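Chemist: structure here, sequence nowhere to be found:
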Ligand code: FAD
Ligand code: 2HG
Ligand code: ZN
């Protein structure tokens, strides 16, 4: 046993230092990255995390923080050097406090997102962060990626949902910023540095998160329409009719939906006829369900009359609504079953989204005739998942992967012409670390590096990620 291993064992106990069977920690969800860690350490308290990091700082051992390991950009996966230690917060998975007057919950960083949602519901509250990985991602990972998901339209990104943080800095010092304050103008707001930092500035050990009153009624509708442009018209119409009660607004292409029904035989499209595009939307309210149902029906009826939509199915009850959402939630997994594609997670001003899809589709088709874009996502937030599957006649799944950089260049250069972003919600990790240099200004990159150097002068905290 190495000296480092025996000292880590003294801190967390032998059962919590993993020296083999690294696969669940060293490989990512997409099976794109296969890292080789030195060890995996699983501390049980913030003090243990601090002691582990202090030891790593003393021995200049690089650390990769990890929570649920569902990230899509390789941020939580070590390199192949065999020198990096994964520090997993998975054991720190408790809800510490629910304060229904302050409308906050204090949670350990390893708390599973779904557990938090369920705990909030038990108290008649809502924690609105919602994404398909919610059964396995953990709040420390959600905060570190500033995760988005399907309710950003109404409640904001994770950044808007975090009120306080407790963080172990790369020196091993424990910063206790676990405050549940709605107002605190006492200088730089440090928590924002760690939100979305993808583990490059410290290890989040706990958080105070914001709760909302649980809505009394939710109406889900699955809508058929002709084009992305019509979806923008519908968004504007629905916002006008229903205001901020519009909670989710997801665009789904026909091809994207067909992959879900192909690979999940138990799931059925809610509308009988085909359509090139669909929108899945939720409207929620704290008033009674019947009144909301009527308002949603009237709004969609008007959209039909105005020729914005072809058809729609309004869920008659919660179960029907859930079935509609299962189609959306299984989109990512259905694409895994279909074969590898080249993912893009782009942000575009909402008003330009249709123009972007037309331009990017045309540029890709010119370069790769028969290319098959799978377009879907959080169009209500201007965030499109634009995953590119290979033309069936000239490429195999494997040969398509060799086009990765060229496809990225086409798509991301197109994003840049719309003044968009090449990562709306998944982050940079190692996947986009080189590419970001092309799209972020030298000034922004320099300031980011200065911040990193000030907080982590030894560069031990998730080196090789983000910058
Ligand atoms: P991990 O994968 O463990 O880590 C993610 C990053 O955070 C890494 O860089 C890691 O080093 C760092 N990190 C983890 N824990 C800590 C900590 N305690 N302190 C400091 N740094 C830490 N993302 C979205 O935004 N929206 C979606 O709709 C969405 N849907 C998804 C659907 C599927 C099916 C899958 C597989 C993923 C999806 N994701 C989505 C991506 C992913 O689930 C999110 O990024 C999630 O927030 C990551 O959480 P995690 O606990 O798995 O983090
Ligand atoms: C989603 O919105 C996730 O479902 C994953 O962000 C998107 O599969 C993807 O590319
Ligand atoms: Zn998404």
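Modeler: Everything's here; your move. Predicted model only: the values in this text are computed from it and were never measured. Ligands and ions are numbered 1, 2, ... in the order given.

Chemist: so what touches the helix-or-strand element of the chain with minimal mean pLDDT?
Modeler: Ranking every helix and strand in the chain by mean pLDDT, DSSP states H and E puts helix 397-401 at the bottom, with a mean of 94. Counting by C-beta atoms under 8 Å, 6 or more residues apart in numbering, helix 397-401 makes contact with 339, 340, 341, 342, 389, 390, all of which sit outside it. (Glycine included, C-beta is placed from N, CA and C.)

Chemist: and after it, which helix or strand comes next?
Modeler: For helix 397-401, the succeeding helix or strand toward the C-terminus, using DSSP states H and E, is helix 404-417.

Chemist: same question for that next one, mean pLDDT?
Modeler: Confidence over helix 404-417, taken as the mean pLDDT, stands at 98.

Chemist: just checking, what packs against it?
Modeler: strand 345-347, helix 353-367, strand 383-389, helix 436-439 (3 or more C-beta pairs under 8 Å, 6 or more residues apart in numbering; DSSP states H and E).

Chemist: list the buried residues for the longest one?
Modeler: In other words, helix 353-367. Of all the residues in helix 353-367, those buried under the rule 16 or more other C-beta atoms under 10 Å are 353, 354, 355, 356, 357, 360, 361, 364.

Chemist: tell me the secondary structure at the residue lying closest to residue 430 once chain neighbours are set aside.
Modeler: Closest residue to residue 430 apart from its sequence neighbours, by C-beta to C-beta, 6 or more residues apart in numbering: residue 74 at 4.2 Å. Using DSSP: H, G, I helix; E, B strand; the rest coil, the structure places residue 74 in coil.

Chemist: ends of stretch 199-219, how far apart?
Modeler: Its first and final residues considered, stretch 199-219 spans 37 Å by C-alpha to C-alpha, to the nearest Å.

Chemist: tell me how far it lies from the chain's centre.
Modeler: How far stretch 199-219 lies from its chain's middle: 13 Å, per C-alpha atoms, centre = their mean, to the nearest Å.

Chemist: if I look at the residue in the stretch 151-300 of the chain positioned nearest to ligand 1, how far off is residue 319?
Modeler: The shortest separation between the stretch 151-300 of the chain and ligand 1 is 2.9 Å, found at residue 199 (distances taken as C-beta to the nearest ligand atom). Distance of residue 199 to residue 319, given as C-beta to C-beta, to the nearest Å: 39 Å.

Chemist: cool, and residue 248?
Modeler: From residue 248 over to residue 319 the distance is 18 Å, taken as C-beta to C-beta.

Chemist: nearest to ligand 2, of the helices and strands packed on helix 404-417?
Modeler: Go through the helices and strands packed on helix 404-417 one by one with C-beta to the nearest ligand atom and the one that ends up closest to ligand 2 is strand 383-389, at 4.0 Å.

Chemist: picking that back up, test my guess that the residue nearest to residue 430 contacts residue 29.
Modeler: No. Using C-beta atoms under 8 Å, residue 74 and residue 29 do not qualify as a contacting pair, with a distance of 9.8 Å.

Chemist: quick one: which of those two has more around it?
Modeler: When residue 74 is set against residue 29 and neighbours are counted by other C-beta atoms under 10 Å, the residue ahead is residue 74, at 24 against 20.

Chemist: quick check: that one vs residue 82, distance?
Modeler: 17 Å.

Chemist: with residue 196 instead?
Modeler: On the measure of C-beta to C-beta, residue 196 and residue 82 end up 29 Å apart.

Chemist: and these two? which has more neighbours close in?
Modeler: With other C-beta under 10 Å as the criterion, residue 196 and residue 82 differ in neighbour count, and residue 196 comes out ahead with 20 against 11.

Chemist: can you report how many residues neighbour the closest residue to that one other than its chain neighbours?
Modeler: What sits nearest to residue 196 in space, not counting adjacent residues and going by C-beta to C-beta, 6+ apart, is residue 146, at 3.5 Å. Residue 146 is flanked by 20 other residues according to other C-beta under 10 Å.
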